[in-house]
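Visitor: starting from these lines, generate the structure:
(one chain, ligands or ions: 3)
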Amino acid sequence: MNNLKVFVRGMSQMKKWEPLKQVGVVGVPFEKGQKKYGVSIAPAAMRSAGLIEQLKEIDGLNVKDYGDIEIPACHENANVDNMAYLSLVSACNKSLSSKVTQVLKDGRLAVTIGGDHSIGVGTVDGHFNVNEDMILIWVDAHADINTNKTSESGSVHGMPVALLVKELSDYWPYLPTMDWQVPKFSIKNLGYIGLRSVDHYERLAIEKYHVPTFAMEDIEDHGITKSINHILHLLDPEKKKPIHVSFDIDSLDALEAPSTGTSVRGGLTLREAIKLMEIIHSTGRLRALDLVEINPAIGNDSDRKRTIEAGLCILKAALGFSRRGTTPRGVTDLPVQTHHN
Ligand SMILES: NC(=[NH2+])NCCC[C@H](N)C(=O)O
Ligand SMILES: [Mn+2]
Ligand SMILES: [Mn+2]
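Guide: Numbers count the residues shown, from 1 in each chain. Ligands and ions are numbered 1, 2, ... in the order given. Below you'll find the predicted structure:
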C-alpha cells in the first residue's frame with residue numbers, strides 16, 4: 001500500500017515534456033533601445049521573406065500570427081541619467097509583456113520577432129507571469145546586463161537582463177514609467193551562450209552571481225552540444241522547467257549575420273546555432289523564443305538576405321524542422337509506377 005502510494009505520487013510528479021506544436025508569433029517593430037535606424041522593420045522583412053509560411057511547413061506545427069504589437073505613442077519623458085528613451089522602451093515592453101502572457105495562456109509557444117534586445121524585458125516579464133519556474137538562455141555576443149550607471153552607450157538594449165533580475169534591483173535608481181515591471185526573475189535561472197564582447201562591470205556581475213556562461217572561448221573548447229547541455233544541466237538538473245531562449249542575431253559571426261547593429265567577429269557559425277536550437281527543441285520544454293537585432297537597413301542586399309535567412313533557419317530549428325528530413329505523412333512506401341508497354 002505504502003509502496004503503491006509512493007509510486008503513484010512519483011508518476012504524477014513526472015511530467016512528460018513534448019515539444020509544443022502550437023505556436024504564436026508576435027512582431028515588435030521597435031528600435032528605440034539602440035541608436036541605429038532599421039531594427040524596427042525586421043518583423044515586416046521576416047514576414048515578407050516567408051516567416052509564417054515556412055513555420056507552417058514544419059511537420060505538425062500549428063501557427064497563429066498575432067500580428068505586430070502597436071508601439072504606443074508616448075509623450076511622457078522619463079529623465080533618467082544615461083538611459084535613452086526610457087518611457088518609450090517601457091511603454092512598448094508593457095504592452096509586449098501582456099501579449100506574451102496572452103499567447104502562453106492560449107497554450108502556445110511564444111515566438112517574438114524584434115526589434116532590438118530591449119524587448120527582452122517584455123518577453124521575459126510576460127513569460128515569468130505564466131511560468132515562475134522558467135529558465136532563461138541568453139544567446140548573444142553581449143551580456144546585456146549593464147545598468148544606466150555601468151553602460152557606456154546609454155542604450156537600453158544593453159540593459160534588459162539587469163532590469164529583469166531581482167538580484168540587481170538595488171543597483172538601479174527609481175525608474176519613472178517602469179512601475180508595471182517588478183523584477184522577480186532570479187539571476188540563478190539565467191545562462192549565457194556566445195559571449196565575446198562583455199563590458200567590465202558586466203563581467204563583474206557575471207562573476208559575482210556565478211552565472212553559467214559559455215563564452216565563445218568555452219564553445220571553442222567544448223563544442224556547442226556539450227556547452228548547451230551543460231548549461232541546461234546546471235540550471236535545471238531535473239529537466240522540469242520551461243525554457244525561454246532570447247536569441248540575439250549578433251551571437252552569430254558577423255559573416256553569418258552582417259545586418260545587425262553591434263556585430264562582433266568570431267561568433268557562432270549558423271551550423272552551431274542550428275544545432276543549439278535543435279537541442280533546445282528536443283528537450284520539449286521550449287515555451288518562449290525571441291529573435292532580435294536583425295537590422296535589414298544595414299549592409300547590401302546580399303547581407304540582408306543572408307541575415308534574414310539565418311534568422312529563419314534558427315527559428316525553424318527551434319520549432320522542430322529536421323535537417324534529416326521527414327517522411328511523408330501517413331505514407332510508408334515509395335510510390336509505385338504503372339508500366340505501359
Ligand atoms: N542587444 C545588443 N546588441 N546589445 C549590445 C550592447 C553593447 C554594449 N554592451 C552596451 O551596453 O551598449
Ligand atoms: Mn543582445
Ligand atoms: Mn548582442
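Visitor: what residues are up against the closest residue to ligand 2 within the stretch 51-200 of the chain?
Guide: At 3.5 Å from ligand 2, His117 is the closest residue in the stretch 51-200 of the chain, using Cβ to the ion. The C-beta positions use only the backbone N, C-alpha and C, and glycine is treated the same way. Contact analysis of His117 by Cβ atoms under 8 Å, 6 or more residues apart in numbering lists Gly33, Gln34, Asp140, Asp144, His157, Gly158, Pro160, Ser246, Asp248, Val292, Glu293.
Visitor: which ones are touching Asn82?
Guide: By Cβ under 8 Å, 6+ apart, the residues touching Asn82 are Asn148, Lys149, Ser151, Gly154.
Visitor: which of these sits closest to His222?
Guide: Nearest to His222 out of the contacts of Asn82 is Ser151 (Cβ to Cβ; 30.5 Å).
Visitor: now do the phi/psi pair for the closest one.
Guide: phi -70, psi 140 (degrees, to the nearest 10).
Visitor: hang on, the earlier thing: restricted to helices, list the contacts of Asn82.
Guide: Per DSSP state H, helices hold no members of these.
Visitor: now a PyMOL select for only the buried ones of those residues.
Guide: Buried residues among these (16 or more other Cβ atoms under 10 Å), as a PyMOL selection:
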select buried, resi 148+151+154
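Visitor: with the contacts of Asn82 in mind, which one is nearest to ligand 1?
Guide: Nearest to ligand 1 out of the contacts of Asn82 is Ser151 (Cβ to the nearest ligand atom; 4.6 Å).
Visitor: alpha carbons of stretch 290-305, as PDB, please.
Guide: Extracted in PDB, the C-alpha atoms of stretch 290-305 (Å, rounded to 0.1, in the frame of the first residue of the first chain):
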ATOM      1  CA  ASP A 290      12.800  35.800 -29.000                       C
ATOM      2  CA  LEU A 291      14.700  36.600 -32.200                       C
ATOM      3  CA  VAL A 292      16.100  40.200 -32.000                       C
ATOM      4  CA  GLU A 293      18.500  42.700 -33.500                       C
ATOM      5  CA  ILE A 294      18.100  41.800 -37.200                       C
ATOM      6  CA  ASN A 295      18.600  45.200 -39.000                       C
ATOM      7  CA  PRO A 296      17.600  45.000 -42.600                       C
ATOM      8  CA  ALA A 297      18.800  48.600 -43.200                       C
ATOM      9  CA  ILE A 298      22.400  47.600 -42.500                       C
ATOM     10  CA  GLY A 299      24.500  46.300 -45.400                       C
ATOM     11  CA  ASN A 300      23.700  45.400 -49.000                       C
ATOM     12  CA  ASP A 301      21.000  43.100 -50.500                       C
ATOM     13  CA  SER A 302      23.200  40.000 -50.000                       C
ATOM     14  CA  ASP A 303      23.900  40.900 -46.300                       C
ATOM     15  CA  ARG A 304      20.300  41.400 -45.700                       C
ATOM     16  CA  LYS A 305      19.200  38.200 -47.300                       C
END
